[in-house]
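In: Just need the structure, nothing else, for what follows:
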Amino acid sequence: MIAREGIPFIAVGLVLTVLLIVLATRMDSRWLFAFTLITAVLTVFTTFFFRDPPRSFTRGPNILLAPADGRIVSIDSLEHHPYTGGKALKVSIFLSIFDVHVNRIPAAGTVEYVRYNPGKFLAAYVDKASEVNEQTEIGIVTSGGEKIVVKQIAGLIARRIVCRLTHGAKVSAGDRFGMIRFGSRADLIVPAASEIRVKQGEHVLGGQTIIGYLKGSPADSESHEATEEGHVQI
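Out: The predicted structure is shown next:
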């Protein structure tokens, strides 16, 4: 499955590759054949980048799923976050150009705000990127009443953030809701009482890896495996 954000890029690459093949054949030009090979490789890579594989995930009232694919670059304690209303934990995920870039909802609930913040384009793996880079911040009140925040953060190469959520939208864990093009970062901010199950350096899968649990024992959540059915599509 391909994310629809990538279809225009892939279509242009395919058309350009076909045209170059025709021209190179008619003109018998080695240079055009070489250029055709380059455009073909770029088109294949673009198709790979915009892949959107189906995911199976565990449902449960306390479960927090990874909002994106990538490597955990930091797990930090925050003294205060205005939305969570007190101390919080921040889990930061760095998405390389080889990771799936579709973003997913970490827990079921209602979107209370979507805020775009312009900023810089530092390398996404740098800690400072969470504060100063261009980003979209999404506040979600979960079905259990907890408040969590998801940030889509642009990086050095990523210059286009797509978020299809709106105020008041009802979302389910694992829903697709947007993407960041060509290398980026995703932050998940949760109440300090949450239990984080991942470690720095670990690679996670969006909508599949359990980041942790909101307050309450994991045993309180009668969970089961399910194939995701995204309500908010990109």
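In: Kindly report the domain assignment for the chain.
Out: With domains defined by automatic domain parsing, the chain comprises 4-49, 56-216.
In: can I get these in TSV with mean pLDDT and mean neighbour count?
Out: (Each C-beta comes from the backbone N, C-alpha and C, glycine too.) Listed next are the domains of the chain as TSV, based on pLDDT from 0 to 100; neighbours: other Cβ atoms under 10 Å:
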stretch	mean pLDDT	mean neighbour count
domain 4-49	87	15
domain 56-216	88	20
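In: Does residue 14 fall in a helix, a strand, or a coil region?
Out: Look at residue 14: counting by DSSP: H, G, I helix; E, B strand; the rest coil, its state is helix.
In: I'd guessed it sits against residue 46; true?
Out: No: using Cβ atoms under 8 Å as the test, residue 14 is too far from residue 46 to be in contact (9.7 Å).
In: what bridges to the residue most central in space within the chain?
Out: Nearest to the centroid of the C-alpha atoms of the chain, with distances taken as Cα atoms, centre = their mean, sits residue 103, at 2.9 Å. Beta-bridge partners recorded for residue 103 (DSSP bridges): residue 178.
In: got it, and residue 78?
Out: Residues in a beta bridge with residue 78, per DSSP bridges, are residue 88.
In: Please name the residues that touch it.
Out: Counting by Cβ atoms under 8 Å, 6 or more residues apart in numbering, residue 78 touches 87-90, 189, 192.
In: If we use 10 Å, what do you get?
Out: 84, 86-90, 189-190, 192 (Cβ atoms under 10 Å, 6 or more residues apart in numbering).
In: for residue 102, same thing?
Out: 1, 3, 5-6, 50-53, 55, 68-69, 162, 176-180, 206-207, 230, 233-234.
In: Next: residue 70.
Out: Residue 70 makes contact with 92-96, 98-101, 124-125, 183-186, 202-206, according to Cβ under 10 Å, 6+ apart.
In: Lovely, talk soon.
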